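**Student:** No letters, just coordinates:
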């Protein structure tokens, strides 16, 4: 199937072609036709599968082909807000905004993005001019609603993106406050990378007879990512990172640390070794974070060191390598981290540094994957204590999962 087969209007197809895309991803194949009909949707798909386009493209089509039902403009805005996309982080909100800008460049539809950490003046000025599509983080959205700058009475489509991350960050009460201001009659699109019980309960509460698209349950990590483990003592991690960055064919490398201080220290070390790197984490001012992302995206800074705030907030092509400098405390975070590479059908490499103190976290990751990740001992800083042999016969996670059962795609 190609994008031409969905029946999208020509201005959107032209934008897709200009972006260089021809073949939709599986979640786009499943989601786009249903979203175009106006039904609710529950999408569960791993990071990096193209779910932003899965909702952005049909939303643009619907808004462009279905003018606002009221001939009179909304009394609060020159152009009423018809679509609200709620995102957990500033970085992800900005990425979603970029997608609407790219795909909707020929439609005449207006959008803006609002998030905290920056002055609200430019955001409120854009709102006063009127927007069709609003992408927002919960805190700034509720703040501007309280000031009277945002009214949601004309919203026709509501998108809750990265719902599991929303709950992890403690946004559940904010979500309910936003939902309470939305019209009862609306289209709701609900996306989450995982679907634990509390997420399913939330979905059941805000969706009406949704189509369900699940592409993640049988594919816990991107098939196009080759995964390797390096057993290394904590004190040698920075030297090993330097070695690999200089030896590997690095295009763009994203390095994840457990702490913000750790990210800054890695940047300082690499800078002393004449490697250009920047850090991004929640202690950085928003303009510094956006500048670091732009430098990384443009290639001016080929190495970005990040805390887990960026695990789902970076949607940049051609990230060749992801490094887990520290093993994550939660195995699901590993999936989101390595999903930053191997995107849009490309291949990628995920290297994880595991110290003796982190062996338990490695075991939990492999249990989630259902596979043993190949361990590489041939490097300058091997751990003196090798991994204990495992009794099971789980296959090694070295790349494509040819042994996997087909992913389930079922409709309710």
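**Tutor:** Arrived safely. All of these numbers come straight from a predicted model, not from anything done at the bench.

**Student:** What is the burial count for the closest residue to residue 208 other than its chain neighbours?
**Tutor:** Using CB to CB, 6 or more residues apart in numbering and skipping residues adjacent in sequence, the residue nearest residue 208 is residue 40, 5.2 Å away. Where you see a C-beta, it was placed from the backbone N, CA and C, and this is true even at glycine. Neighbours of residue 40 under the rule other CB atoms under 10 Å: 21.

**Student:** Please apply the same query to residue 328.
**Tutor:** With other CB under 10 Å as criterion, residue 328 counts 21.

**Student:** isn't residue 383 right up against residue 233?
**Tutor:** Yes - between residue 383 and residue 233 there is a contact under CB atoms under 8 Å: 5.8 Å.

**Student:** Report the set of residues contacting both of those two.
**Tutor:** When CB atoms under 8 Å, 6 or more residues apart in numbering defines a contact, the residues bordering residue 383 and residue 233 alike are 355-356.

**Student:** did I read that right, residue 131 in a strand?
**Tutor:** No - counting by DSSP: H, G, I helix; E, B strand; the rest coil, residue 131 is not part of a strand but coil.

**Student:** thought it was touching residue 84?
**Tutor:** No - assessed by CB under 8 Å, residue 131 is found out of contact with residue 84, at 10.3 Å.

**Student:** so how far is residue 126 from the nearest residue to residue 56 once chain neighbours are set aside?
**Tutor:** Counting by CB to CB, 6+ apart, the nearest residue to residue 56 once its immediate chain neighbours are dropped is residue 99, at 4.9 Å. Using CB to CB, to the nearest Å, residue 99 is found at 17 Å from residue 126.

**Student:** do residue 306 as well
**Tutor:** On the measure of CB to CB, residue 306 and residue 126 end up 28 Å apart.

**Student:** Which one's more surrounded, those two?
**Tutor:** Legend: neighbour count by other CB under 10 Å for residue 306 and residue 126, higher for residue 306 (28 against 16).

**Student:** Which residues does the more buried one form beta bridges with?
**Tutor:** residue 256, residue 280 (DSSP bridges).

**Student:** right, and it touches residue 282 too?
**Tutor:** No - contact criterion CB under 8 Å: residue 306 and residue 282 do not qualify, at 10.5 Å.

**Student:** ok so, going back, state the phi and psi torsions of the residue nearest to residue 56.
**Tutor:** Main-chain dihedrals, residue 99, degrees, to the nearest 10: phi -70, psi -40.

**Student:** Can you give me the neighbour number for it?
**Tutor:** 21.

**Student:** Do you know the pLDDT at it?
**Tutor:** pLDDT, residue 99: 94.

**Student:** Let me know whether it touches residue 59 as I believe.
**Tutor:** No - using CB under 8 Å, residue 99 makes no contact with residue 59, being 10.4 Å away.
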